[in-house]
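**Student:** Please work out how this folds:
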Amino acid sequence: MSHNFFATISRMKYIERWALMRNSRPENLSEHSLEVAMIAHALCVIGNVRYGRHLNAEKAALCGLYHDASEIITGDMPTPVKYANQRLKTAYKEVEADSENRLLGELPDDLRPAFEEIFHTEETDEDRYMRRLVKAADKISALIKCIEEENSGNREFRTAKAATEESLRHLAAGLPEAADFVSEFLPPYGRTLDELLTESVPQ
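**Tutor:** Take a look at the predicted model:
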């Protein structure tokens, strides 16, 4: 018997983000998810090394990879619509949960529990904190997109950038890992490859 889970997941590359915005370069869900996974992993490593936490960085990376998988079915709902009011927010959460369950239903019974843990199981304080870091990674990725668009001369993202920066400030206030990443790793985004490589050469 064949199962559709991974063939369906592979369609992330067809889901374009920022649908209401004029993009200088389109961004698809696969690109975004990979970036969120890498940043979420980094945030957990920062937490473990600098703040004495015991976070599962590898699980955080997987949660980042799958964090928007429901959008394969729902599409990327623009933020102004998704959070327009509490009724819409609640309704979208229900649609999102139904979509995730539909995806998980495409797995064989023996494999499903391992993926259910990635999608939504939260059993420990460490898991709950790790999920907050994945959300922060999602915001950081969105901010990176805004920076890239701004640097390309596209003013379309200026309002989104300000809103994302404000949201990230609130998140980072309770997540020192996110604050560290923003201060240490965000500034080089938007530089050319030559600039990045030149600046990385030891003097």
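
**Student:** Am I right that residue 165 falls within a helix?
**Tutor:** Yes: when DSSP: H, G, I helix; E, B strand; the rest coil is applied, residue 165 is found to be in a helix.

**Student:** and the gap between it and residue 140?
**Tutor:** 10 Å (Cβ to Cβ, to the nearest Å). Any C-beta I mention is one placed from the backbone N, CA and C, and that applies to glycine too.

**Student:** isn't residue 61 right up against residue 41?
**Tutor:** Yes: Residue 61 lies in contact with residue 41 (Cβ atoms under 8 Å); the separation is 4.1 Å.

**Student:** More neighbours: residue 165 and residue 140, which one.
**Tutor:** Comparing residue 165 with residue 140 by other Cβ atoms under 10 Å, the one with more neighbours is residue 140, at 26 against 15.

**Student:** For residue 26, the count of nearby residues, please.
**Tutor:** 10.

**Student:** Start at 53, not 1
**Tutor:** Got it, first residue is 53 now, which makes that one residue 78.

**Student:** Can you pull out the low-pLDDT segments for the chain?
**Tutor:** For the chain, the stretches flagged by pLDDT under 70 are 129-136, 252-255.

**Student:** Scan it for its longest helix.
**Tutor:** Using DSSP state H to define each element, the chain has its longest helix at helix 177-203.

**Student:** Pull out the buried residues from that one.
**Tutor:** 178-179, 181-183, 185-202 (16 or more other Cβ atoms under 10 Å).

**Student:** Cool, thanks, signing off.
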